[in-house]
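K.L.:
Have a look at this prediction, sequence included:
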Protein chains: 2
Amino acid sequence: MVTMKDIAKAAGVSSATVSRAMKGSGYIGKDMKTKILSIADSLGYVVDANAQSMRTGTTNTIGVIVCDIRNSFFSMVLMEMIQELKESGYTVVLGYSNEDGATELSNLKMMLASRVAGIIFTPVSNENESYIHSLHGNGIPILQLYRRAYEELNSIVVDDERGAYLATSHLIQNGHTDILMLGVDSDISPNRTNGYMTAMNEAHIPIKKNLMLKFQPNEDIKIEVRNVIERCRPTAIVAGTNTFGLDVFAVCHQLGLHVPNDISLVVFDDVPWVQSFDITAIAQPVGGITVTAIHTLINWIKRAGMENAEVVSMKIEPKLISRCSVKNIRKIT
Amino acid sequence: MVTMKDIAKAAGVSSATVSRAMKGSGYIGKDMKTKILSIADSLGYVVDANAQSMRTGTTNTIGVIVCDIRNSFFSMVLMEMIQELKESGYTVVLGYSNEDGATELSNLKMMLASRVAGIIFTPVSNENESYIHSLHGNGIPILQLYRRAYEELNSIVVDDERGAYLATSHLIQNGHTDILMLGVDSDISPNRTNGYMTAMNEAHIPIKKNLMLKFQPNEDIKIEVRNVIERCRPTAIVAGTNTFGLDVFAVCHQLGLHVPNDISLVVFDDVPWVQSFDITAIAQPVGGITVTAIHTLINWIKRAGMENAEVVSMKIEPKLISRCSVKNIRKIT
DNA sequence: AGTCGATGTGATAACGATTACTTTTACAAT
DNA sequence: ATTGTAAAAGTAATCGTTATCACATCGACT
C-alpha cells in the first residue's frame, strides 16, 4: 500500500506537508498542493482510515443493527440509511440481530471494538440495558429506530397504536365486527393491540379474546392463524407486520379463501409486494423518518462534548393507504 | 476508553503482558492471565480494532456491496452472509450500489480506505475494471457473487441460463407456446434469454421477438408488460427477477387477469412472497451458495502471500419448484 | 533598519496494540 | 557450584496519520 511517506519521498517533502495537502488544512503552498495531489493520484494513494481514526480519536463509521432483514420493511429502511449515511461521508458497519438479544449484544460489542461514532438500531428487547448504558457512558450516541426499548435513549418511532387504530377503524367503517388482530408480542411495543382495542371500544364492539393475538415478530404464525380462521370465521384481519400478512395469504390459499371477497385484510407496512397485490396498508413513512434519524444522529456526533441532556423522542404519524383488500360488507340501510 | 495501558497500571505489569494475556499467545503465567482478564473485564475494556489492524497490518473486515436491496432475494443473501461472516469473526462494512457503476466505484474506494481484508459484491457492470484490478493488485481478494462481470476474477454464480431453460420447459410441458420472457438486460448476463431460446427451439416453437424482452434489473416494467399482454395475449410468463414478478402481478390486477387461470407464471427466486402466494419458482440456492462464498473468500484471505493463480469460477444448479401458478392447458389427446 | 505578522515547510510526538528483543527468574542437569 | 534452558515479564520500536511546535522566508509598516 502507498503511504504518505511514499508520496513525500517522491515529492521531496516531508509527510507533514503531504498530510496538509490532502486535508487542505493549515498553511500549504498552492503549487505544492497540486503537485502532491497529482503524485498521490498517480501512485494510487488511498488514506488508511484506521490510522486516521487512531490519530484523531474519531471515526466516520456508524454501526447499524437490523433485527430482521427478511421483513422487506427493514430492507427498505436499511437501504435508505446506507444511502443517506454515504452521502454524509460515513461508512456503515452492519449487524443483524435476528430478533435475538444475545446476538444483538455481540453486535454491539463488535461495534464498540470498531469505535463507531454512533449506533442506529432497532432494539430486540430491553435485556441489554446495562451494556447499552456503558456505550452511552462512553459517549457514543445511540438511536433507537422504530422501536423504543430504552426510555432514556433517543428514539424515533412510528405511532403503532395509531396505525392499528386506523386499520381497525377502517375495517369497522366497512361493516366488519369480527376482526382478527395479529399483534406483535413484545415487552417493548404492546401498542398495536392497544389501537385495536381503542377502535373496537369506540364502536362499541365487544372484543373477543380469541381474535386478539400476539406473536413474536419473526414467528411463523400460519398454523395458529389457520386454526383461528377455521374456528372463529373472522370477516377481516389486521396483520401487525407484513410478514404476518404473507402468512395470512398462505393460509387463505390453503383454505381456498379469497381476499377481499371471503376475508378483508389490512397490513402493516407499505412494501413492494403489498403495493403490487393492491393490499390496503398502514404505511410507515420510511424515507422521511430515516433521513431524519440519520441527520439527528450526525448532529449528536458533531457536537460531542456538549451535554445533550435532553432525550429526543420523536413519534411519527402512520397513514392508511386504502386499496382493494377490504370489502364493504355493511348492510344497505 | 480503557486501554491496555490502564489495565497494565491496575495490574502492576507492562502492557505487553496485558496483550499476551488477551491473545493467549507467547509466554504468560496462568495466574497472571486470569488476573489481567478479570481486571480488564471489571474496567470494561474493549480492544481498539483500528489500533490492532494498524499494528498487525490486517483487518477482520469484509466489504459487501449489494446492488439492490429492494429485491428480497438479495436481502436473503445479505442476511446469510452477515451471519456467516460474523460466525467467522469478521465485521461487515456494507455498501449499496443501486445498480449504478459510479456508486459501486465510490463504495469500492471507501472499502479500500477501510483496508478491508476482502470484498464480496454483485457487480453492476464491468465498467470499473481498472479499479477492480488495482484492488486485486493490492492483494485484496475479491469475489463476484451471482453475477460474473470480470472474467479474471473469482466468481460464484447460479446457472441462469439453465434456470430460464427449466422455467420455459416447464411451461411448454404444460401446453404453453405463447410464453413471454422478461429477461434482464445487461452486458454481464444475457443468459436468461438464452435458456428461453434453447427451450423454445428444443420444442420447435418459433420465437416471437415481441415476447422476448429485456429490461434493466431495477426498471419499473409495468407499462411495457401491460402493453405486451394486451397486444400479444401470451398464456404464460417467465419473470426473470422476482421484482419483475411483482410487476406482473400489479399489471394482472389492473387488467383483471388471474394467475393461473388467465395466465401462467414462473418467477425467478424463491423469496417469501413467492412462497406465500404459491408461485412456481426458479430457486437459486441461497444458503448453500452464500456459505460457500464466505468460506472460499476466507480461505483466500488466510493464505495471502501464496499465489492463488487459479481463478475459481463456480456455477450452481438452480431448481424449479412447482407450485400453483402454472395451469396445464394441453389439449387432452 | 528593525520589528511584526503572515505564510510555507520540517521535525517530532503521539494514538493503542503488538512483537522482536532483552532481561530476569527458576530450576534442573552436570 | 556452575552452566543451561525454558518460562515469565519488561523495553521499545513500529504501523500511518495528524497536531503541535519550531524554524525560515518574505513583505510591510513604523
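P.N.:
Great, that's in hand.
K.L.:
Check the burial of A:Val66 by counting its neighbours.
P.N.:
Residue neighbour count, defined by other C-beta atoms under 10 Å in any protein chain shown, stands at 26 for A:Val66. All C-beta atoms are positioned from the backbone trio N, CA, C, and that covers glycine.
K.L.:
hang on, I meant A:Val13
P.N.:
18.
K.L.:
OK, contacts around it?
P.N.:
Taking C-beta atoms under 8 Å, 6 or more residues apart in numbering or on different chains as the criterion, A:Val13 is in contact with A:Met32, A:Ile36.
K.L.:
can you do 7 Å?
P.N.:
Residues near A:Val13 by C-beta atoms under 7 Å, 6 or more residues apart in numbering or on different chains: none.
K.L.:
same deal with A:Asn98?
P.N.:
A:Asp68.
K.L.:
That one in helix, strand or coil?
P.N.:
coil (DSSP: H, G, I helix; E, B strand; the rest coil).
K.L.:
do the same with the one 10 residues further on
P.N.:
With three-state DSSP as the basis, A:Leu108 sits in helix.
K.L.:
name the element A:Met76 belongs to?
P.N.:
helix A:72-87 (DSSP states H and E).
K.L.:
these two touch, right, A:Thr91 and B:Leu112?
P.N.:
No. With contacts counted by C-beta atoms under 7 Å, A:Thr91 stays clear of B:Leu112, the gap being 11.6 Å.
K.L.:
Which one's more surrounded, the two?
P.N.:
When A:Thr91 and B:Leu112 are compared on other C-beta under 10 Å, the one with more neighbours turns out to be A:Thr91, at 25 against 22.
K.L.:
Enumerate the beta-bridge partners assigned to the more buried one.
P.N.:
When assigned by DSSP bridges, A:Thr91 has beta-bridge partners A:Thr61.
K.L.:
list the contacts for it?
P.N.:
A:Asn60, A:Thr61, B:Val93, B:Met110, B:Ser114.
K.L.:
got a winner among those for most neighbours?
P.N.:
Going by other C-beta under 10 Å, B:Ser114 tops these with 25 neighbours.
K.L.:
neighbours around the residue of the stretch 1-150 of chain A found nearest DNA strand C, how many?
P.N.:
Closest approach between the stretch 1-150 of chain A and DNA strand C, counting by C-beta to the nearest atom of the strand: A:Gly29, at 2.9 Å. A:Gly29: 13 surrounding residues under other C-beta under 10 Å.
K.L.:
ok, now A:Asn299?
P.N.:
12.
K.L.:
gap between whichever strand or helix holds it and the chain center?
P.N.:
Using DSSP H and E, A:Asn299 sits within helix A:286-302. Offset of helix A:286-302 from its chain centre (C-alpha atoms, centre = their mean, to the nearest Å): 12 Å.
K.L.:
Could I get the buried residue list for that helix?
P.N.:
A:Val286, A:Ile289, A:Thr290, A:Ala293, A:Ile294, A:Thr296, A:Leu297, A:Ile298, A:Trp300, A:Ile301 (16 or more other C-beta atoms under 10 Å in any protein chain shown).
K.L.:
what's the answer for stretch A:231-250, then?
P.N.:
Those would be A:234-250, for stretch A:231-250 by 16+ other C-beta under 10 Å.
K.L.:
got a list of contacts for whichever helix or strand comes after the helix holding A:Asn299?
P.N.:
Scanning forward in sequence from helix A:286-302 by DSSP H and E, the next helix or strand is strand A:313-316. With contacts defined as C-beta under 7 Å, 6+ apart, strand A:313-316 is touched by A:Asn154, A:Ser155, A:Ile156, A:Val157, A:Val158, A:Asp159, A:Pro285, A:Ile289.
K.L.:
again, but for stretch A:126-135
P.N.:
A:Gly101, A:Glu104, A:Leu105, A:Leu108, A:Leu112, A:Ile142, A:Ala149, A:Tyr150, A:Leu153, A:Asp187, A:Ile188, B:Gly44.
K.L.:
Give the buried residues for that stretch.
P.N.:
A:Asn126, A:Asn128, A:Ile132, A:Leu135.
K.L.:
Which of these fall within helices?
P.N.:
Among the buried residues of stretch A:126-135, the ones falling in helices (DSSP state H) are A:Ile132, A:Leu135.
K.L.:
Among the buried residues of stretch A:126-135, which one lies nearest to A:Arg20?
P.N.:
A:Leu135 (34.6 Å; C-beta to C-beta).
K.L.:
related to what we said a few turns ago, among the contacts of A:Thr91, which pair sits farthest apart?
P.N.:
Longest span within these, C-beta to C-beta: A:Asn60 and B:Val93, 11.8 Å.
K.L.:
still on that earlier bit, which parts of the helix holding A:Met76 are buried?
P.N.:
Buried residues in helix A:72-87 (16+ other C-beta under 10 Å): A:72-86.
K.L.:
what's it packed up against?
P.N.:
strand A:61-66, helix A:286-302, strand B:91-96 (3 or more C-beta pairs under 7 Å, 6 or more residues apart in numbering or on different chains; DSSP states H and E).
K.L.:
could I get the first one in PDB with only the CA atoms?
P.N.:
Output in PDB follows, covering the C-alpha atoms of strand A:61-66 (Å, rounded to 0.1, in the frame of the first residue of the first chain):
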ATOM      1  CA  THR A  61     -18.200   4.800  10.900                       C
ATOM      2  CA  ILE A  62     -21.800   4.300  12.000                       C
ATOM      3  CA  GLY A  63     -23.000   1.000  13.300                       C
ATOM      4  CA  VAL A  64     -26.400  -0.200  12.200                       C
ATOM      5  CA  ILE A  65     -28.100  -3.300  13.600                       C
ATOM      6  CA  VAL A  66     -31.200  -4.500  12.000                       C
END
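K.L.:
pLDDT on it, on average?
P.N.:
Averaging pLDDT along strand A:61-66 yields 97.
K.L.:
same thing with the last one?
P.N.:
In this model, strand B:91-96 has a mean pLDDT of 97.
K.L.:
and what of the second one?
P.N.:
For helix A:286-302, mean pLDDT rounds to 88.
K.L.:
ok so, going back, any chance of the helices and strands packed on helix A:72-87 in TSV, plus distance to DNA strand D?
P.N.:
Output for the helices and strands packed on helix A:72-87, formatted as TSV (distance: least, C-beta to the nearest atom of the strand, whole Å):
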stretch	distance to DNA strand D
strand A:61-66	15
helix A:286-302	15
strand B:91-96	18
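K.L.:
need the contact list for A:Asn191.
P.N.:
Contacts of A:Asn191 by C-beta under 7 Å, 6+ apart are A:Asp160, A:Glu161.
K.L.:
try 10 Å
P.N.:
Counting by C-beta atoms under 10 Å, 6 or more residues apart in numbering or on different chains, A:Asn191 touches A:148, A:157-165, A:183-184, A:240.
K.L.:
same check, this time on A:Ser125
P.N.:
A:Cys67, A:Ser97, A:Glu99, A:Asp100, A:Gly101, A:Glu104, A:Arg147, A:Ala149, A:Ser186, A:Asp187, A:Ile188 are the contacts of A:Ser125 under C-beta under 10 Å, 6+ apart.
K.L.:
Among those, which one sits closest to A:Lys319?
P.N.:
A:Arg147 (19.4 Å).
K.L.:
Relative to A:Gly288, how far out is the closest one?
P.N.:
18 Å (C-beta to C-beta, to the nearest Å).
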